[in-house]
Each structure stands twice: as structure tokens, then as C-alpha cells.
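Participant: here is my input; please provide its structure:
(4 chains)
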Protein chains: 4
Amino acid sequence: MQEFTKFPTKTGRRSLSRSISQSSTDSYSSAASYTDSSDDEVSPREKQQTNSKGSSNFCVKNIKQAEFGRREIEIAEQDMSALISLRKRAQGEKPLAGAKIVGCTHITAQTAVLIETLCALGAQCRWSACNIYSTQNEVAAPRLKHGVAVFAWKGESEDDFWWCIDRCVNMDGWQANMILDDGGDLTHWVYKKYPNVFKKIRGIVEESVTGVHRLYQLSKAGKLCVPAMNVNDSVTKQKFDNLYCCRESILDGLKRTTDVMFGGKQVVVCGYGEVGKGCCAALKALGAIVYITEIDPICALQACMDGFRVVKLNEVIRQVDVVITCTGNKNVVTREHLDRMKNSCIVCNMGHSNTEIDVTSLRTPELTWERVRSQVDHVIWPDGKRVVLLAEGRLLNLSCSTVPTFVLSITATTQALALIELYNAPEGRYKQDVYLLPKKMDEYVASLHLPSFDAHLTELTDDQAKYLGLNKNGPFKPNYYR
Amino acid sequence: MQEFTKFPTKTGRRSLSRSISQSSTDSYSSAASYTDSSDDEVSPREKQQTNSKGSSNFCVKNIKQAEFGRREIEIAEQDMSALISLRKRAQGEKPLAGAKIVGCTHITAQTAVLIETLCALGAQCRWSACNIYSTQNEVAAPRLKHGVAVFAWKGESEDDFWWCIDRCVNMDGWQANMILDDGGDLTHWVYKKYPNVFKKIRGIVEESVTGVHRLYQLSKAGKLCVPAMNVNDSVTKQKFDNLYCCRESILDGLKRTTDVMFGGKQVVVCGYGEVGKGCCAALKALGAIVYITEIDPICALQACMDGFRVVKLNEVIRQVDVVITCTGNKNVVTREHLDRMKNSCIVCNMGHSNTEIDVTSLRTPELTWERVRSQVDHVIWPDGKRVVLLAEGRLLNLSCSTVPTFVLSITATTQALALIELYNAPEGRYKQDVYLLPKKMDEYVASLHLPSFDAHLTELTDDQAKYLGLNKNGPFKPNYYR
Amino acid sequence: MQEFTKFPTKTGRRSLSRSISQSSTDSYSSAASYTDSSDDEVSPREKQQTNSKGSSNFCVKNIKQAEFGRREIEIAEQDMSALISLRKRAQGEKPLAGAKIVGCTHITAQTAVLIETLCALGAQCRWSACNIYSTQNEVAAPRLKHGVAVFAWKGESEDDFWWCIDRCVNMDGWQANMILDDGGDLTHWVYKKYPNVFKKIRGIVEESVTGVHRLYQLSKAGKLCVPAMNVNDSVTKQKFDNLYCCRESILDGLKRTTDVMFGGKQVVVCGYGEVGKGCCAALKALGAIVYITEIDPICALQACMDGFRVVKLNEVIRQVDVVITCTGNKNVVTREHLDRMKNSCIVCNMGHSNTEIDVTSLRTPELTWERVRSQVDHVIWPDGKRVVLLAEGRLLNLSCSTVPTFVLSITATTQALALIELYNAPEGRYKQDVYLLPKKMDEYVASLHLPSFDAHLTELTDDQAKYLGLNKNGPFKPNYYR
Amino acid sequence: MQEFTKFPTKTGRRSLSRSISQSSTDSYSSAASYTDSSDDEVSPREKQQTNSKGSSNFCVKNIKQAEFGRREIEIAEQDMSALISLRKRAQGEKPLAGAKIVGCTHITAQTAVLIETLCALGAQCRWSACNIYSTQNEVAAPRLKHGVAVFAWKGESEDDFWWCIDRCVNMDGWQANMILDDGGDLTHWVYKKYPNVFKKIRGIVEESVTGVHRLYQLSKAGKLCVPAMNVNDSVTKQKFDNLYCCRESILDGLKRTTDVMFGGKQVVVCGYGEVGKGCCAALKALGAIVYITEIDPICALQACMDGFRVVKLNEVIRQVDVVITCTGNKNVVTREHLDRMKNSCIVCNMGHSNTEIDVTSLRTPELTWERVRSQVDHVIWPDGKRVVLLAEGRLLNLSCSTVPTFVLSITATTQALALIELYNAPEGRYKQDVYLLPKKMDEYVASLHLPSFDAHLTELTDDQAKYLGLNKNGPFKPNYYR
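Facilitator: Below is the predicted model of the structure:
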């Protein structure tokens, strides 16, 4: 378990905050913001709650919210028809019969639809939250009726966080044989505390960049002892999480925080990968003038052909109204850049982590911070200049806008299929390595979502399939095609 | 005063609601939503408040909020540089010296910047709110320091509404010589109660559709006894209020209320005027498939050339995900249409009034209304079908999104210039009629806003001006050009 | 006839070239380019030709091309279904019965469809060309079968030009009672030579900017002795001639002449009127980076909101790859600008005349001109720098691209309706003045073109019409609305 | 050499046409159309021509066109600055010193720039044409001055075609050590006739889909005896050949052939790969209403999110104005579809081959073919319905539009770098297999083209490079990233 020594045991606030993966501290504002925050102050761990079946094997904020949560779940189901459709198609054959899944993800209405689908397909589930803030308390409650044991609430302490995970894994008479993780904390905990559990585990499904990175490191170090499925990098999920979702959330995040008018604004977007492409397309369409910075000449050339000037940040920093980072890199926006920005310049981050803007450099005595709205700080220079910093440099799309249910449906369906694949794979198909979702399954996820758009696929004739050298049911593209 | 008999005196709830013009009941959600709503419950009319100069000649919610309001005003000033620039350019000559302006508009941070500009140019002002909900209490307070008497708070009763207007007009030793109105209620009140005041009035500046309509009716009936400036229809304001503003607010309003993903959604937009054009451009850009309905063949042909299918509402009503009205007409969406919509269809209104969707037809026993969020109702049919109705059919952009300060700056600058023009016009330039803002002034408003975009105008050479038959300083287009 | 003294009689090449209006010398490249140019060299005026009915009352290049021309006309009819539809609707009542129309326009397949429509509606026609280059010889021929007397061929001399016009007007036993003009040369000739003809004329229909300008001057001088209809400024025609047509022809013209790739190109467009808006929209959509120059702050502000940087030409002239003028002004691109352009910069004009680029300034000894393709000159500086000048600064869209038949259908339908209106108007409806096409007729032109797009108009209910104060059949907008 | 038996020896017209790869018969219309076609009729093989150095070791149409061709090459150089830049950077070290390259590609001005670059870098070259129609005679001539032996002219017979290739390969005292091929015919000839040549060959660079396919088949069969570089699939080339180039050429090809107006047209695009994406983006931007057909659910889902309706061809075939195939498949448009199209429907192909539209099915007695323009046929049904077929179903972008020089510059630079890489690779780096261009070289090609756009790359700091785990000079992305 050596490679995990970099994740310190919880010994205090500081170390704790480092030991939780990034996704554990970013919070979804979305539905969470509709959660009643005036709940009583008693810790759920100290409450005695019993569900309708008499079980106390769970820990949520308030089981009485179940009915309200049920409606939220029903609303979510309307935009997750792919999952419902999967539920119906596979319900007869129960492809997850016998599966005992321990999960650690955001606990939202959409996750509830996923879990209930897994149950409908035959699985038993125990679940905790991968983020101490993101749990929607009301949807944690109703899932219990399916016998799903949930341990999660909004506003967990660090200690609560690991306690919840532990309660999911460590139960007498029940041993998980599948792991569904988001961020790698659950996997880490099992490696660290219950390595023997892996003897029964048929596979790990991991959906976050961070968690996948950890898995590849384990694999590289020869320590990965079960097959793992990297669902983060499936084409369908990538396009939706990055290009399509960010195309909408950049506008939403900026509007909700600053009410800025986009028309005529000069904007610099750092990074022209999928996230940057999404941001730029939306901003250009609404009348902003967009500049790009890039390190990769191929992406830079694409930016040129798409009608954007490719510049160094210094060339435009004095003139732009908005700075957006989408690089995955660190210190892309430095204190020097911040010093040169004009008054009222808005700065925010759409990339993979909170390192892109050097926020720390702004914590100096000569600068005044003023919190003007939730998630909006004015940082004020001695001469009165204000820079508008959003979400303190954390992810704008997670902090200040919502993720459409439809996007979460893509992810959830991908996760469900990966679990089915790993659980049912014949011995030997998957080794102790990290796998991408097979192309055909990726295509299947996509096909399940087409009815939402009333989209009609064309089928190959036998003759055409032969001509193309393809199976009529796919896969239609090589694995590397995106 | 005969023509005003259609505006009944307040004798009860029903008549009251008719006696307030439409703009009086639509509420801006924007900054208003950041106002502390947990204020004490005492009516401002019963409070004893005194400003720093010892005057009690005002009535606001809480004078102690002045400092907080001041910051809001300062933030607004940053996006209203045109007005600040006008303030600076004209401050020396004080073109409004001697002007006594009575105003009735929304009371927001942006209005505060306008009023303070009028004061800086030499005017004295008394002000009330044109809408019982839209006042930002905190920005009502600080204006007092300039000696502006404000009578307005959020949540006025109908009686309060007219009382505030009356207090502005009816003051011993001070008689207004200019009126700035939004909706026509102030003008109505003066006509009705103090017709003699018009002997001193040099002009009325009116900015709303409703108010302008009333003025044209007065003029037609030969009852308009002073010149009036219709600033609603100046080109610059129109483009910003309709095309540019709606292009952004349709997205904002839909996202904030429903978190809907735009990509791939089928949307029908009723009406392809400027508002419709703005909505369609934005939705198309974000990947929606947009259909248009139109009654005017010229607008319909434009829709075709812009890449939209022009249909009758019945042809697509079963398949669309969103229905948006932008017609200015009534009963565009009928109960029959609503009956045929698919489950989860979103219905909202971006047009001029709340008549476009026949909401009344939904108030029948077999349908269940469920308020799922602020401004969002699910109307549920007996078979479980839900239609998502936004803002109960009132204006989405006013109810569920914000208006960018920059757009309000255009309007405020137009109002200020119209006041200056009417106040300083030589005898005889304007008769007892309704006028459009002269083209040259409209161009001046536009030019004051160009520096915000770092835009550089080209000047005509003498030779070119002669060739084109134009004055080098404009106007550059005939009055009818848009 | 004094006001016509500025149009000199033809006394030599120089004066001739001035005496023909601009539209007379711009040439359509379109179908004309498919015309066989290897015709024999004998002047049509010296040929003896007789049509199938034995008449020699015409003068065209080669009557034997009639069959080939017939096919071109049939192809044109397929995109002019509005005119065919008008033909069918009005054929029974023959609204032009008794009309004797003398016309002077471009002679193309599309004009043929117009003339044949006029004949079908009852008119007799005599026709000449408004341009010495633009006649498609093959379509001049077949019209004769309807008894239309055509006097036109490609490559007329100045003398031929006026001879043809004269032959149309001056015929024993036939006197025109309607004029259809394009450029005002026919009107000029009648004023000058046969003023008595105006006693019978019921009206003039004029479609060009130049011709309309002349008519307004006549009107201003009190010399206009019959009603005239300005069809150039009808909304539908304007939108198609400018915005929609230029959106396509800027791409087409640049591609056909230079094969330039648009993606990533930096382009400056001078002028952001309808033509400029069309050019910019297309170029931006294909990945060009577009800058705007403007003199009018309202247009400049629109450019900003549409996402373009507004600059002075000098600021970007060194960096741009393409310069496009759309101003209607003169000397917008000066020698100084041309001197500063970078190597390979493309310069062209989409505006109203050939004055926008100071081409004359390039005719100096130190510069070398090299004709590299038809309509493409390389102007070479002493240091080897080349500027690529298109169509010698004349209109790119007329010289180097084609005008879609559909656009010409809009114009032709407008002309036909204007003729019908003027011919049938009750005494007194039109005075000796210049009129715009009534809004309702403009709407009718639009409605006739909607079936091409399978577009379905919505009809107002009685209730709605009353609410809006409109007639159910239109007009739906005030005259000034565009 | 067994696997080549499927390429028959030339024994007659029929077999010949099969023995030439597809790219050999598609013709570039572009510059070729400016070539003087009235050349004398004597076959170049029968002419006696000597260049300025007294050599007769070449065979072109007319060596006297050298000067005219030189200017065409100079014009091409202006848009191929990347290649010129490569020439300058590598000229000192002569990385191709000793290379003896035999090439078989299209012979155009752009190819001339490539060949002259190879010579400047130290190579000796002998060249033939890969297509019997595409040679620009005038640019074949001037290359001789560098001692390049060219054997090619426009309008070769099948026999000429192989004779030219043979003359390049088979020369006493000169043996090739590198092959640059486009379509695989040269490679095929060497395999078939001079297998011993492969003993000296260090590598093959192949750029076409067809040629690459042949190489992979050879490799699979274990018959590939030298390393081969597949430059067709490098990211940069792919994006330009497909997405960016087709975005422009679909508009260009349709306009040049039909003058169709795009606005409001209903278009169905079969296939939403990169080619389809490019076509759709352009058409949508110009106001067309676009429908998609797809077999692959992932591409279909992308089409939905990009705002296109995904349909089966049958659903829209009756209503569309234009049908475009981009699938790479066969019989996508069948006779049944063609029978159901409406009058004037335009049908064309942008895909990989001429199989997509079943043109053969239209060669039946009841249908009349009418050639109305070059590359444009009207196929006429008994009831008079016309379908407008472009380029007889061959590639529209090659047949009816031009390929921008900039796109060819990308390809040529990629080819040059691949030759340098293979020629200089240390023993053992490349085995007898087909390789993709290394990512880093692909990035280098892109970076050489950035200066054309005045684009400025950002460089990683040491710290950032370490954080990302990247080399500061790239490659910046994994090989599979596109």
C-alpha cells in the first residue's frame, strides 16, 4: 500500500484537507442550493432514525424529507430517460443479480436515479458521498426504501467523510464485489484499511480525472489488483462533460455571478482544448470578441481556423474584460497578470483544478478583498482598481452554474454499463489493468440518449456493412476515433 | 381629463390592479433579489427618519442602508461610463440649471446613477417608483444626500403607490417643470389631480411602450398640453432593449429557472420581430433547433433566410421542448396548444405583456399546479403530463433574469439627453405633440457608449462629407433608418 | 428639361462614358459568362432578321439562339415560382390589359420571365438593355414569339445603346403608357427627346439607386410630371439585395477570383450597413477575424454588439489579409492605405459604386499592373509587394459572382406589382411625386415567395386582429418599419 | 508480389480504368481550368525537347510555358510560407543530402514548391503524375531548371501514365532510395516491375486513403519490405483536408456549379464525420436548414447537440433542396431516393469515393440526361422532374471547387517532414511497417503554419512543464489525441 502514503491519515484539519481529493471539495451549487439549509444542527451521526422497514443501517440528515426528495428524483428521471430505458431493457435478465456495489459519488437526484437503476438490475448497494458539501439531503433519504444503505449529508466534517465511507465498506455479513468511485477516496480507503476485500472485487469503475490518475499510478506501480474501468475518458462522456456542457455553463456561470452583458466584451480564454472550444463557441456566438492562448501548435492552429486570434496573455491582458482559464495547468494567470488587468476585469476558471489562477498571490496586505455576492469577490488594489474573482479560482461550472441532468445521465449510463460489463465479463477478458469502456458500449450509451432528441439512426444494409468491413451493430469506428 | 376615465380610481383590489400600468407590476428580479427581505415590518410611512441634513422630506425603507446602497451605486457606475462621461462633459455648463424634475421610474442602482447625473447637471429632483415591487431599498436611501427627495420602497401597497407619487408632485414652494415617466402613471396623476402644473411643465419624457401609447392617445384626442419625447422608440434603445438584451436574457432566464440544456432542444419561437430575432439567434447558436411562427410575411421571409422553418404552432406543438412567445399579441398559446404539448414542455413569454399565453385557461379544476421553484410552476394534467410554466406567463426577462447595467445605461443616457433637449429647446421647436428623439441625439447616445468597447469611429473628410451630402458631425442617416 | 443638361449628349468616348448611368457599365458575370462569345462580328443593326411571325421589328444578336435561350428561361422559372404564381393568380383578370410598357433593364433569363409575365397579364412590351455588356444574347431572342420587341445585344456601343432605347420609344402607331426603368437612362431619353409621351404615361417604375436619385431630383425641381414608384427601397428588395445577397456573394466573389481560404484570415470591412452586415456575418461564420470601420456611432455600436472590433482603417491596415469596402462613400481606401498593406493583401469593393477604392491613385509609373486572371490584377510595388485588386474596384458581387435567381425574383415581382398598382390606381391616388411601394404590396411580394421555403404563415383570429388594431390581411407593420 | 495480382496489367480500356487508383481519375478543376487547353495535339512522347542545360531527360507538354508556370509557382509560394520557412531553416544542414526521391503526385504549382524545397534540402528528384487529368502543364516545365526530371502532362492516356512512372524509376545510373506516393500506383509499379529497388529504399511516404489502405494490406500480408509513413492520418492534415477545407469547398462547389442561394434551403447531409461537420457548419451559418443521416450513434448524438435533426433519408427526401453525401459508404443515395426527390433537387458527393450516389441506376432509358454546364447534368424524369446531378457523383470538392493553397501547404510540409524523418532515422527506429507521423512532427507542421495567422504560442515555464509532466518542446498531447 506504499503508494498511498502520500495520502496522509487524518490527523487534523490541514492534513485532512489535503487527503480529500479535489472533487471532494468542489461543490455543485445546482440543486444543492435549493436544499433547505436551516436544518437542525444535530449531527446525523448522533440521531436515531429508522426507516419504514425498521432498519437503522443508514445515516442521513433527515429521513422525513424522503417525500420531497422523491419528487426531485422524479423530475430528474424525466431528463434521464436513457437510464430508465436501460432499466426496462435489462430488468428481465437482471444482469447485476448478485452484485454487491459499494459506491462513493456525489449524492444528488441524478445519482439516486442511477442507484435505483442498479437495484432494479439486481444489485445491492451501499453508498457514501465523494464530497463533503455536495449532498442533497432530501434525495439521500428516499433511496432507503430499496434497501440501499446511504451514509451522507451536506456539510460533513473530514472525520464524518471517512466514517461514512468506512460504514459502507465495513459491514458484517455483507462484502462488496464491485466498486463505483468518483475521485478515488473509496478505493484508497479499501486499499488502506481492507485490502482483503479486493479478493472478492470483480472490478472498479472510476469516473473522475483524479481517480483515474490514481489508478494509472497504481497500475504503473504494479499494485492494481483488480480490473478497473476508466469511464472518464469515454468519448461520449468527454464530449458532454467538456465541449457541450461548458458551452452552456460558461454563460450560465458568468451571468449568475456578475450579470455581465456578453455582447462586445473582450475575453481571453487560456487553453483551446475541448473545454476551451466550448467556452469560445458560446461567447463568440453571443457577440464577445475572444482571444486564445495556447501552448500546443495543433490546438493553436485550430483556434486560428475557428476565427480566434492566438496571443500571449501579456499581449491582451490590459484590454480584456474577462479572463477564463481552461488549461489544466498551474499559474496560468499570475499576480503580474492580475496587476495589469483593467478595472472591473472578471477572472474565473473552467479548467480541471483550482491551480490555474494564482489566487494565493492575491492574499497580500495591500490588496483588499470584498465579498460582494456569493462566490464573487472584488479584489481591490491600492489605487481603487477592482478585479472580480469568481469562486476564488475554483471551477466556475461546478461552483456557480448547474450541470444539466441530461449530461449527468450520460455519465450515469456509462457507469451502469461499465459495472455490467466488468461484473459479467468472462474470466480473463480483463486483467489487473485500467481499461477504457469498449467502443461498442460507448456507442450504446449514445444510442440510448438519441430518443430524447427524436433522432433516428440509419441502419447499414448487409451490402454496405460488407463494403465497409463493419458489423451492422457496430462498433462503427476504431477505438482511437473521437 | 375625460380620456383618463378608463383609469379607474382605486376602489378595491380589482380596479387597483387595472389602474396600475403593466410596468408597475412586472418586477425586476435582478439586484432586487439581493435585497434583504427580512426588513422590519413597519411601513415606511409610519417611520420617522431624518437625513444627515435634518430633512424628513422623503420616505424610504431604511435610511441606514445608505452605505450599502452607495456601493451598489458605485458598482453600477462602472458599467455606466457613458452617463459619467456625459456628467463630466456637461457639468460646467449645467444644462439643467433651474430644472425641477419629478420622476417616476424603477428605483435601482442604475436609476440612482441617472438621478445623480441630473443633479450634477443642475436639476432638482423628486422621485417615486413606477412599480410596487422593483425598488431596491438600499439604493433609495443614499440619494438623499444630494437633496433628492425619494418616496419609494419595495412592496408598496396600491395606496402607498399613489401616495408616493402625490408626495413628489404636491409640495409647497416647489413646482416641477419637467416630468420623467415610465409607464405614464405619474403623468396620469398630474393630469387628474393637478392639471395646473402643466402650465409650468416644459416637457414630458416617457420611456415605456404603455406610457408612449397613452401619450399618443392624448395627442390624438387633442389633450396633450405640453411637448412629449418618446424615448422608447429611439433606435439605440430599441436595439438594446429588444435584440441585444433578449439574446442574452432568454438563455439566462431559462437556465436560472429550469437548468435546461439547450443543445438539441426543439424550440418554437412565436414572433420574429427584434425580440424573437434575439431569442432565436442565441438558441440556435447553442445548438437548439428553432421553429418560428409569424403573421407578417416580411418577417417570415427573414426567418427563412436566417435558417429557421416557419410553421403554424399546431404543426410542431406536439414535438417541441420549449415554447417562447414574443408577439405582443394575445392568446398566442391557447389551452388547446397546452393540451397537446408533450410532457415536460417549458412555456414562457418574452413579449410585451402577460397576455400571450392564455394562463387563465389553465386555472381549471382538473389541472394541478405545483410550485417547484420560485417563478416555476408545474401544471399537471390528469394523465400525469407536466407543463413547466415560467413566471406565470409574465415577462421572463424581467421576472427571471437580470438586465445588464450596460443596457440600462443606454436607456438612462437617452432619458437624460431628452430632458436636456426639451428643457433647452427654443420656444416653438416642439409643439404639443409626441416627438421621437432627434437622430443626432440618438447617435450621440451611441457614441457615448463606444469607449466601453474601445471602439474608434472614423471621421469623414470634408471631401467625403460633401460627396455624401452630410454634416461631418451627423446625423448620418435619415430619421427612418434603423 | 433643364435639369438634364448635366447628362451630356454623346459627342465622344469620354462624354459618353459619363452619360451612361453607373449600372449601365457594371456587368453581370453570371449567366453572361456562359454565353458564346465567339459570335460572328457583324453588328446586329446591319443584319436582316425576321421572326416566325414575319416581323422584323426587333434587333438582337442571333434569333437562331432562341431555343437555347428558351431552356435558360425555363431553368430560371424554376426559382421564380413567385412570379409564375402571380402570373397564374392574375391571368384571368388581366390587370395589365391595355398597358403598353416600354422597358430598359438588364436582359437576362430572369428578365425574360418578368416580361413574359407582364405579357400574360395583358401588357404589350418593347424592351432595351440598361447596360451595354449585360445582355444574354440567347434569351433576347425567344421573347419575340410573344410579340415583344427587343432591341439589345451584348457589347453594344454607346451609339447602339441610345439607338436601341430610341427604337423602343419611337414607333409609329404605338405609344407607351408605362415606363419600367433601371438606372434612369430610358426616362432621361423620353424627357429629352419625346416629352409629349408623358401625357399618356400613367407612371414610372424605377429600381436602381441611381435612377431613384434622379427621380427625386426631378421631383425636388418640380419637373416630375407623372407618378413614379421607387421600388429600390422596398423592405423586401433591400434585405435581399443587400443583407442576404451579399452574405453569399462576398464568399463567392472572393473564392472565384482568388481561391483564398477564409479560415483565420484577418479582414477589415469598411461600413456596417446592410451590405457590411451581410459580408461580416458570412466571413465570421467561416472563421475569418473581422474588423469594422464606421462613421455612424449607431452602426458602430451594433458592430460591437455583434462581436466585431471597431477600428480606424489605419490601425489594422498593416495586418489584414483582405480589405472590403461597403460604404457608398468615396476614397475610403486611399493610396496611403494601399502603400501600407502587406504583401498579397486582397482589396475589393461591395459598396454602391466604384469610387470607394482610389484605384486612380494606383495608375502611377512606379507601380506595375499584372492581370493574373479575369477580374484579378496584381499591383506590384517597387519592392516586390503585390496587392491583389479585384474587378478594378468595381462591384465584386456584380463582376465576380452571380446573383441568385431567387433574389432577382424578389425584384421582378416587386416591379410587376408596382406596374399593376400604378396602372390601375384610381385617379388622384398618386400625384406627380416619387412613392414607395405600399407596405401591403411589399408584404404581398414576400408572401408570394414563402412557398419556396415551404413556410406557413399564421393567420390572426378576429379577436387578435382587434386587439392589435390590425386588418387581418395586413399591412402588419407601419410603413417605417424595417 | 502476389497481393498485387488484383491490379490487372493494362490490356484495354476497361481493365485500365480499374488499374488506376481512384485519385488518378478525379481531377482538380482549380488551376487546371486556367491552363490553356488549345495546346497542339502532338503527344509529348513524340516531341523532341531540350532544356537549357541540354538535357532531354524529361517529358512535358511544352517547355516554353516555363516562364508562365514560374509565376504560378511564385503565387503559390506566397501561401506556402511554412514550406519556404522549412526550406530556410534546414537549408544549411541539407537533411536530404544524398536522397534520391522518386515521386508520383498531382503536378500543380503547389507540388512544384514542394519539389523545389526537397531539392533545396539536398535531394535529387524524378517525378510523374498520379492522375491523368490533373497536371498543370505550365508548372511541369520550369522545374527542370533544378535538374528535376518530370514526366507528366494533362490528358495522358493509360499507357502514357505507366510509361511516365516507368521512366522515373527505370534510369541507368540512378537508383531511388525514397518513394513519395499519392494513391499507391508508383509503389505498385516498383513492387511489380523492379522489386530489387526496395533493397535501397529507406522508406515510402504515402498520402492518400487508397494508398494507405494498400500499404496496410501489404503489411498485414507480411509483404511490406520497407518502412512506410502514413501521412494521410496525421491530425493536422486530417483537420485541414476534411473539416476546414470542406467547410469552404461545399459552398464554393455548389455556387460555381448551380449559383444556388443557400439561405432558407433545406439540405440533408449524409454522414456527420469531419467532412460532414464541415459542410453542415458552413451551410447552417449561411441560413440553410440542415438534416443529418448517420449510422454511428456517437456522431448522431454530436449532430443533435450541434443543432441538427437526425433523420433517415426517406423521412426528408421529398422536401429537401440539396442532398450531400459524406459517408465513405456506397449506395447511400439510391434510385428509389432519386425517384422521390422533388423537382430541381441538387445531388452531390463530398465523401471519399464516387460510390455514394448510385449514379449507375440513373443510366436507364426512361431518364434523359442533359448536360447544362460543365460538371452539371440535369437528369429528367418522364413527368418532367429534373434532378441536378453534380460531377456525375464524383467528389464535388475536387471536381467543382478549388483547394486553397494553404491546405496543400499543410500536406506538402507533412510530406517533406516525413521524408526527412524516414531518411535520417537511425537504423531500427522504423521496421517494415506502416507508421503515423510522430505527434511531435505533426505539432511541428502546425507550428510552421502559425506565422501565417500572426499567431503567438505560449511557452511552458519549467515549473509548469514539470507540473504537467511534459517536455517544454512537446509533444503536448498523447498520440491518440485529436
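
Participant: next one, pLDDT for residue A:240 please.
Facilitator: Residue A:240 is assigned 89 on the pLDDT scale.

Participant: I'd assumed it was in a helix, is it?
Facilitator: Yes. Assignment of residue A:240 by DSSP: H, G, I helix; E, B strand; the rest coil places it within a helix.

Participant: which ones are touching it?
Facilitator: A:407, A:410-411, D:305 (Cβ atoms under 8 Å, 6 or more residues apart in numbering or on different chains). Every residue, glycine included, has its C-beta placed from N, CA and C.

Participant: surely residue A:404 meets residue B:260?
Facilitator: Yes. Using Cβ atoms under 8 Å, residue A:404 is in contact with residue B:260, at 6.7 Å.

Participant: neighbour-wise, which of the contacts of residue A:240 leads?
Facilitator: For the contacts of residue A:240, the largest neighbour count, defined by other Cβ atoms under 10 Å in any protein chain shown, is 27 neighbours, found at residue A:410.

Participant: pretty sure that one is touching residue A:447, no?
Facilitator: No. Residue A:410 lies out of contact with residue A:447 (Cβ under 8 Å); the separation is 11.9 Å.

Participant: contacts only, for residue A:379.
Facilitator: Residue A:379 is in contact with A:338, A:362, A:367-370, A:386-387, A:389, counting by Cβ under 8 Å, 6+ apart.

Participant: how about a cut-off of 10 Å?
Facilitator: A:338, A:341, A:347, A:359, A:362-363, A:367-370, A:385-389 (Cβ atoms under 10 Å, 6 or more residues apart in numbering or on different chains).

Participant: please apply the same query to residue A:278.
Facilitator: Residue A:278 is in contact with A:239, A:241-250, A:269, A:326, A:350, A:397, counting by Cβ under 10 Å, 6+ apart.

Participant: closest one of the contacts of residue A:240 to chain B?
Facilitator: residue D:305 (4.0 Å; Cβ to the nearest Cβ).

Participant: report pLDDT for the closest one.
Facilitator: Residue D:305 carries a pLDDT score of 97 in this model.

Participant: so the nearest residue to it once chain neighbours are set aside, which of the three states?
Facilitator: If the residues on either side of it in the chain are set aside, residue D:305 comes closest to residue B:263, at 4.0 Å by Cβ to Cβ, 6 or more residues apart in numbering or on different chains. For residue B:263, the assignment made with three-state DSSP gives coil.

Participant: for burial, what's the neighbour tally of residue B:263?
Facilitator: Residue B:263: 25 surrounding residues under other Cβ under 10 Å.

Participant: pLDDT wise, what is it at?
Facilitator: In the prediction, the pLDDT value recorded for residue B:263 is 96.

Participant: do the same with residue A:194
Facilitator: pLDDT recorded at residue A:194 is 95.

Participant: with adjacent residues omitted, what lies nearest to it?
Facilitator: Counting by Cβ to Cβ, 6+ apart, residue A:194 lies nearest to residue A:169, which is 5.9 Å off, once chain neighbours are set aside.

Participant: cool, residue A:291 as well?
Facilitator: With Cβ to Cβ, 6+ apart as the criterion, residue A:291 has its nearest non-adjacent residue at 4.4 Å, and that residue is residue A:268.

Participant: picking that back up, which of the contacts of residue A:278 fall within helices?
Facilitator: A:245-250, A:397 (DSSP state H).

Participant: reformat the residues you listed as a markdown table; add distance to chain D, neighbour count and pLDDT.
Facilitator: Formatted as a markdown table, the ones in helices among the contacts of residue A:278 follow (distance: Cβ to the nearest Cβ, whole Å; neighbours: other Cβ atoms under 10 Å in any protein chain shown; pLDDT from 0 to 100):
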| residue | distance to chain D | neighbour count | pLDDT |
| --- | --- | --- | --- |
| A:245 | 10 | 25 | 92 |
| A:246 | 12 | 27 | 94 |
| A:247 | 9 | 26 | 95 |
| A:248 | 10 | 26 | 95 |
| A:249 | 14 | 27 | 94 |
| A:250 | 16 | 29 | 97 |
| A:397 | 17 | 27 | 84 |
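
Participant: keep those residues, but drop any that are not near chain B.
Facilitator: A:245, A:247-249 (Cβ under 10 Å from any Cβ of the partner chain).

Participant: from chain B, how far off is the residue nearest the centre of chain A?
Facilitator: Centroid-nearest residue in chain A, with Cα atoms, centre = their mean: residue A:208, separated by 6.1 Å. To chain B, residue A:208 is 21 Å away according to Cβ to the nearest Cβ, to the nearest Å.

Participant: tell me the domain boundaries of chain A?
Facilitator: A:49-233+A:404-444, A:243-400 (the TED database).

Participant: what pLDDT does the model give the residue nearest to the centre of chain A?
Facilitator: Residue A:208 carries a pLDDT value of 87.

Participant: you'd agree residue A:421 is in a helix?
Facilitator: Yes. According to three-state DSSP, residue A:421 belongs to a helix.

Participant: residue A:438 is in contact with that one, correct?
Facilitator: Yes. If you go by Cβ atoms under 10 Å, residue A:421 and residue A:438 touch, sitting 7.1 Å apart.

Participant: which of the two has more neighbours?
Facilitator: Shown here are residue A:421 and residue A:438; by other Cβ under 10 Å, residue A:421 has more neighbours (21 against 17).

Participant: which residue packs closest to the more buried one, ignoring adjacent ones?
Facilitator: Using Cβ to Cβ, 6+ apart, the nearest residue to residue A:421 is residue A:441, at 6.2 Å.

Participant: give the contact list for the one you found.
Facilitator: By Cβ under 10 Å, 6+ apart, the neighbours of residue A:441 are A:229, A:231, A:234, A:236, A:413-414, A:417-418, A:420-421, A:474-475.

Participant: do the same with residue A:308
Facilitator: A:268-269, A:272, A:276-277, A:280, A:284, A:289-292, A:294, A:300, A:302, C:264, C:287, C:289, D:453, D:455.

Participant: burial check on residue A:331, number of neighbours?
Facilitator: Residue A:331 has 17 neighbours, counted by other Cβ under 10 Å.

Participant: check residue A:375 too.
Facilitator: Neighbourhood size, residue A:375 [other Cβ under 10 Å]: 20.

Participant: list residues touching both of residue A:410 and residue A:447?
Facilitator: What both residue A:410 and residue A:447 touch, as defined by Cβ under 10 Å, 6+ apart, is the set A:82, A:236, D:301.

Participant: who touches the first one in this structure?
Facilitator: Put plainly, it is residue A:82. Per Cβ under 10 Å, 6+ apart, neighbours of residue A:82: A:406, A:409-410, A:412-413, A:416, A:444-452.

Participant: repeat that with 6 Å
Facilitator: Neighbour list for residue A:82: A:409, A:413, A:448-449 [criterion: Cβ atoms under 6 Å, 6 or more residues apart in numbering or on different chains].

Participant: and chain A, which residues reach chain C?
Facilitator: A:263-264, A:287, A:289, A:304-307, A:309 (Cβ under 6 Å from any Cβ of the partner chain).

Participant: let's see which of those residues end up in helices.
Facilitator: Within the residues of chain A next to chain C, membership in helices is found for A:304-305, as judged by DSSP H.

Participant: just among the residues of chain A next to chain C, which is most surrounded?
Facilitator: Counting neighbours by other Cβ under 10 Å, residue A:264 leads those with 28 neighbours.
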